[in-house]
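J.: all I have is the shape, not the residue letters:
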């Protein structure tokens, strides 16, 4: 499988070949994504909840995201690597946005970065693109600002609201974004917008008309506890077996079943006897 690039993703869109994108947050998950042959890996700020235990994506810091992204980079060769710029790291000014994006490229090895929303984020996207760093936009439900924009609900259920989402998508496309994420947008709304969008659109709860799909690692593997969004499909149910495995280990430790003789290292009998004598002589 050839290394994925901005150009190869555009070629996939042109050829009607769906783009498979997943999130990953550490070296082992990156290695699995690599072996599975996905096209794009996003180190999403969803790591705030899935990995770091925060209640939302808002608290995660640049330092935390850089650490996770660098670990993912070390496990990838083929997929395009996109890093999520966390809340508060790009909104204030073009200079801040460019500086943060450069850190994700220089320190974590990203191929591109992702930012949320239209509005002022359009100008931030343009500034980052003009600095030479590819940008993926994100419209619809934008978790970083969900608390101030109506909560975690679908966006675009009315024609007027969908048009607002569409305008943001067009603005980000015009600003030079190489791709867009559509999150929690009605399938019919996505289908209506697609003919006017010339860059790849990756959907998450946005229906089958998008050029590709993305799911959160812990969701698709059935690891993350709690209720899941409507768009989540579990391709495995690993949480239960993981709990069973750890509980089995703890039980064997408590019953003196583990470790067994096969799990230890041998020492010659004469050396063991000599060691006992040396200890006794102290």
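T.: Received, thanks. All values derive from a computational prediction rather than experimental measurement. Numbers count the residues shown, from 1 in each chain.
J.: can you list the low-confidence ranges for the stretch 1-150 of the chain?
T.: Along the stretch 1-150 of the chain, segments meeting pLDDT under 70 span 146-150.
J.: and the strands in it?
T.: Under the criterion DSSP state E, counting those that start in this stretch, the stretch 1-150 of the chain contains strands at 19-23, 40-43, 80-84, 112-114, 135-140.
J.: from the contact counts, what lies against the third one?
T.: Just to be clear, that refers to strand 80-84. Under the contact criterion of 3 or more Cβ pairs under 8 Å, 6 or more residues apart in numbering; DSSP states H and E, strand 80-84 touches strand 40-43, helix 62-73, strand 112-114. Every C-beta, even on glycine, is put in place using the N, C-alpha and C of the backbone.
J.: out of these, which is closest to residue 266?
T.: Nearest to residue 266, of all the helices and strands packed on strand 80-84, is helix 62-73, at 36.1 Å by Cβ to Cβ.
J.: from the chain's centroid, how far away is the closest one?
T.: Put simply, helix 62-73 sits 11 Å off its chain's centre (Cα atoms, centre = their mean, to the nearest Å).
J.: could you dump the strands of the stretch 1-150 of the chain to CSV with distance to residue 96 and mean neighbour count?
T.: Below are those laid out as CSV (distance: least, Cβ to Cβ, whole Å; neighbours: other Cβ atoms under 10 Å):
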stretch, distance to residue 96, mean neighbour count
strand 19-23, 24, 24
strand 40-43, 20, 28
strand 80-84, 16, 28
strand 112-114, 13, 26
strand 135-140, 15, 28
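J.: could you dump those into CSV with distance to residue 162 added?
T.: Shown next, in CSV, are the strands of the stretch 1-150 of the chain (distance: least, Cβ to Cβ, whole Å):
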stretch, distance to residue 162
strand 19-23, 23
strand 40-43, 24
strand 80-84, 24
strand 112-114, 22
strand 135-140, 9
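J.: the ones you listed: which one's closest to residue 234?
T.: strand 19-23 (13.6 Å).
J.: and the closest one, which strands flank it?
T.: According to DSSP bridges, strand 19-23 has the following sheet partners: strand 40-43 (parallel), strand 212-215 (parallel).
J.: same list, the ones you listed, but as a markdown table with distance to residue 97 please.
T.: Output for the strands paired with strand 19-23, formatted as a markdown table (distance: least, Cβ to Cβ, whole Å):
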| stretch | distance to residue 97 |
| --- | --- |
| strand 40-43 | 18 |
| strand 212-215 | 22 |
